[in-house]
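**Student:** 3D model of this:
(one chain, ligands or ions: 3)
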Amino acid sequence: MSDTTIQTLRLILGDQLSHDISSLSDIDPANDLIWMCEVSGEATSVKHHKKKIAFIFSTMRHFAQELREKGYNVHYTKLDDAQNAGSFYGEVERAIAQHSPNRIVVTEPSEHRVLEDAQSWAENFDIDVEIRDDNRFLATHAFFESWAEGRKSPRMEYFYREMRKKYDVLMNGDEPVGGKWNYDSENRKPPKEGLNVPEPYTAQTDDITREVIDLVADNFDDHFGDLSPFYFAVTRDQALYCLRKFIDERLHDFGSYQDAMVQGEPWMYHSHISFYVNIGLLNPLECIHAAEKAYHEDGAPLNAVEGFIRQILGWREYVRGIYWLKMPEYESENFLNAKRKLPWLYWGGQTQMNCLSQCVKETKENAYAHHIQRLMVLGNFALIAGLDPDEVNEWFMVVYADAYQWVELPNVTGMILFADGGYLGSKPYAAGGAYINRMSDYCSGCKYKVTKKNGPEACPFNYLYWDFFIRNKDKVKGNPRLNNAYGTLNKMGEEKIEAIQQDSKRFFKALDKGEIV
Ligand code: FAD
Ligand code: DLZ
Ligand code: SF4
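**Tutor:** Ligands and ions are numbered 1, 2, ... in the order given. Now for the predicted structure:
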């Protein structure tokens, strides 16, 4: 279909790859045109990890093929098409010029920047534009707003309980199954010797994926990350298989080892479905129901099932709610006034801190790190080293294949950096080396000594942790959840405080000069 008049132009963005998406609900296959486009403006809005771009483009191309097989008219602009306008705005303009549609239908873009762009089309192109709710999320904007209204600090746990009731998930009438809402206290087992972690899902690459890999290699060679090997699912069938494999092989131990980190085991007992849920191949509710069924019918333990469901029904929906409630101001929050530049070690530069080195290495290879690596190693360091939120947000947006701003920003600005002053999280998630040592085997392979608190051999997390509380005293001391930390600090002798500050000063000087730390 080219240079023909159509009724409705239906735009499908790169993270809207769901057959039941709202923008297609009333499609007229004979008269409507679906428009999809690979645009350099999106691939370089930040310089996304090579594997992430390949994943998105390959999944988009497979989705377009499935839509055509269903009998729909699909226009697909490839990145290297001569006519490619390079942006959503330019592509919409081109589509209108070619096809003179009566109107445009699009599901609400997941990112504020793109929503603003879409909101400008009606006036700028003098056309009727309908922006529909994204029906793949479980809490509408209205539901979240009314829940959050009047709450000074709307905590995830209470939102999660409402969502459990609303969707009747793990409920016994009005009561939670098992008598408790949250089994997190059972989900903190350190790793033990001889864990037999199942192999992760690895998809076969087909011609479409191979073509995309070549395209990414040719066009984004200067982006961070390894392109090969490429193992992501790129179709709904493959993603469903990946979900099934998680439920059958990993869910049982998901809870117990949720916080554990093991060198050489990037995938642990996590589900690795965030890429697929966020891009639209899997629906969050079907993932929740699959886990709930495993509890009722296959003996999956409640701590694992509840823990997994809480991440999707609770955290995932909650961070999206916060994003839309707080944007666009949320993007520039910097409560702690953190200014340090992101050190080179985040891009794979050498470091002697083994925990950071391992987490960055796996991120570069896989465009994935599991939650506790993101939170307690990469995020914890960013917090206690006082890294600039803009730089940290950019890094997290670039490196993970599941990163879109609606989910990345609240996790970084709110959860790890406390840059929103405690709106999302009740306290800064700062931790010393002892936590990392308890939950991982990284420290045994590190040049630093986790048991040493001060001096050049000491684990930097140990003194930076205290230095963080000293530096930010005026901002966070009143937080009741930090009473213990400040109680301990108050009892510290001057000599100890002096040693902490000297070590931190020396460390930051080396870090800022780009020396290997
Ligand atoms: P599992 O551990 O198996 O959890 C199951 C699912 O729960 C995930 O697939 C995801 O959909 C959901 N989930 C779990 N935790 C969160 C959370 N905190 N917020 C939202 N959803 C959650 N997740 C993203 O999807 N995209 C991001 O860009 C992203 N950035 C993060 C940045 C930081 C600093 C932190 C601390 C967390 C971030 N997360 C992000 C949340 C979480 O780390 C990932 O969702 C998870 O690691 C994905 O791996 P998985 O599918 O194996 O998750
Ligand atoms: C992340 C991304 C990238 C890298 N490339 C494209 C693209 O070429 N075409 C596209 O439709 N979407 C892409 N995306 C995802 C979009 O950034 C995402 O859909 C919007 O930001 C949502 O508002
Ligand atoms: Fe990380 Fe410190 Fe352990 Fe080294 S000793 S791995 S820096 S926590």
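
**Student:** Point me to the residue of this structure nearest ligand 2.
**Tutor:** At 2.3 Å from ligand 2, Gly14 is the closest residue in the chain, using Cβ to the nearest ligand atom. Every C-beta, even on glycine, is put in place using the N, C-alpha and C of the backbone.

**Student:** How much space separates that residue from Lys52?
**Tutor:** 11 Å (Cβ to Cβ, to the nearest Å).

**Student:** One more: Phe308?
**Tutor:** Phe308 is 24 Å from Lys52, by Cβ to Cβ.

**Student:** So for these two, which residue has more residues nearby?
**Tutor:** Ranked by neighbour count (other Cβ atoms under 10 Å), Phe308 and Lys52 place Phe308 first, with 30 against 26.

**Student:** what stretches of the protein score poorly on pLDDT?
**Tutor:** 1-3 (pLDDT under 70).

**Student:** Phi and psi next, for the residue of the chain closest to ligand 2.
**Tutor:** phi -60, psi -20 (degrees, to the nearest 10).

**Student:** Next up, the contacts around the closest residue to it other than its chain neighbours.
**Tutor:** Excluding the flanking residues, the one nearest Gly14 by Cβ to Cβ, 6 or more residues apart in numbering is Ile56, at 5.0 Å. Counting by Cβ atoms under 8 Å, 6 or more residues apart in numbering, Ile56 touches 14-15, 279.

**Student:** just curious, which of these is nearest to Phe396?
**Tutor:** Asp15 (16.2 Å; Cβ to Cβ).

**Student:** How many residues are close by that closest one?
**Tutor:** 23.

**Student:** hang on, the earlier thing: if I look at the residue nearest to Gly14, how far off is ligand 3?
**Tutor:** 33 Å (Cβ to the nearest ligand atom, to the nearest Å).

**Student:** where does that residue land in three-state SS?
**Tutor:** Three-state assignment for Ile56 (DSSP: H, G, I helix; E, B strand; the rest coil): helix.

**Student:** surely Asp222 meets His48?
**Tutor:** No: using Cβ atoms under 8 Å, Asp222 is not in contact with His48, being 11.8 Å away.

**Student:** so Thr77 touches Cys37, yeah?
**Tutor:** Yes: Thr77 is within contact range of Cys37, at 3.8 Å (criterion: Cβ under 8 Å).

**Student:** which neighbours do those two share?
**Tutor:** With Cβ under 8 Å, 6+ apart, Thr77 and Cys37 have common neighbours 84-85, 91.

**Student:** Restrict these to the buried ones and give me that as a ChimeraX selection.
**Tutor:** Those of these that count as buried under 16 or more other Cβ atoms under 10 Å are selected in ChimeraX with:
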select :84,85,91
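
**Student:** Take the shared contacts of Thr77 and Cys37 and keep only those in helices.
**Tutor:** Glu91 (DSSP state H).

**Student:** any idea which of the shared contacts of Thr77 and Cys37 is closest to Glu66?
**Tutor:** The closest of the shared contacts of Thr77 and Cys37, once distances to Glu66 are taken by Cβ to Cβ, is Glu91, at 20.7 Å.

**Student:** how close does the closest one get to ligand 1?
**Tutor:** 25 Å.

**Student:** Now do the same contact list for that residue.
**Tutor:** 35, 37, 39, 77, 84-85.

**Student:** ok, now with 6 Å
**Tutor:** 37, 85 (Cβ atoms under 6 Å, 6 or more residues apart in numbering).

**Student:** again with the one 3 residues further on
**Tutor:** Residues in contact with Arg94, defined by Cβ under 6 Å, 6+ apart, are Ala85.
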